[in-house]
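A.B. asks: Sequence below, structure please.
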Amino acid sequence: MTSLSQRKSRLTFETGDTIRERGRSREVVIECENTFAFVRLKGTKTRFQIEWGAIYHAAAKLAAAQVRREKLAARKAKRRAA
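C.D. replies: Residues are numbered from 1 along each chain as shown. Sure thing, here's the model as predicted:
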């Protein structure tokens with residue numbers, strides 16, 4: 001596997017996720033750089049920069065919140081059964 005810092009060509013890909021913007025559904029496009037990524041909608045020029053670490057931290061927070069919700073649901077189900 002080649003690291004992003006050693007790539008000679010640009011890495012850009014279109015995701016399967018769509019977002020409604022200006023009355024149209026548009027696919028999300030990711031443009032990868034070495035320390036960050038640009039996120040934009042297909043057919044638009046506006047792009048947002050996000051660091052790879054920020055993506056990781058956001059995913060970790062979502063996973064922790066999911067675990068908390070599951071534990072809370074299990075406690076509520078246990079109380080109802082008792």
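A.B. asks: Just want the most central residue of the chain.
C.D. replies: Central residue of the chain (CA atoms, centre = their mean): residue 55, 6.4 Å from the mean position.
A.B. asks: what sits against that one?
C.D. replies: residue 37 (CB atoms under 8 Å, 6 or more residues apart in numbering). In this view, the C-beta of every residue, glycine as well, is placed from N, C-alpha and C.
A.B. asks: switch the cut-off to 6 Å
C.D. replies: Residues in contact with residue 55 (CB atoms under 6 Å, 6 or more residues apart in numbering): none are found.
A.B. asks: Report the next helix or strand after the longest strand anywhere in the chain in sequence order.
C.D. replies: The longest strand of the chain (DSSP state E) is strand 11-21. The helix or strand immediately downstream of strand 11-21 is strand 24-32, counting by DSSP states H and E.
A.B. asks: Hey, what's the angle from the lowest-mean-pLDDT helix or strand in the chain to strand 24-32? Just curious.
C.D. replies: Ranked by mean pLDDT, DSSP states H and E, the weakest helix or strand in the chain is strand 11-21, scoring a mean of 92. Counting by axes from the mean of the first three to the mean of the last three CA atoms, to 10 degrees, strand 11-21 lies at 150 degrees to strand 24-32.
A.B. asks: Just name whatever secondary elements strand 11-21 is in contact with.
C.D. replies: strand 24-32 (3 or more CB pairs under 6 Å, 6 or more residues apart in numbering; DSSP states H and E).
A.B. asks: Which strands and helices lie in contact with the strand it packs on?
C.D. replies: strand 11-21, strand 36-41.
A.B. asks: nearest to residue 82, of those strands?
C.D. replies: strand 11-21 (41.8 Å; CB to CB).
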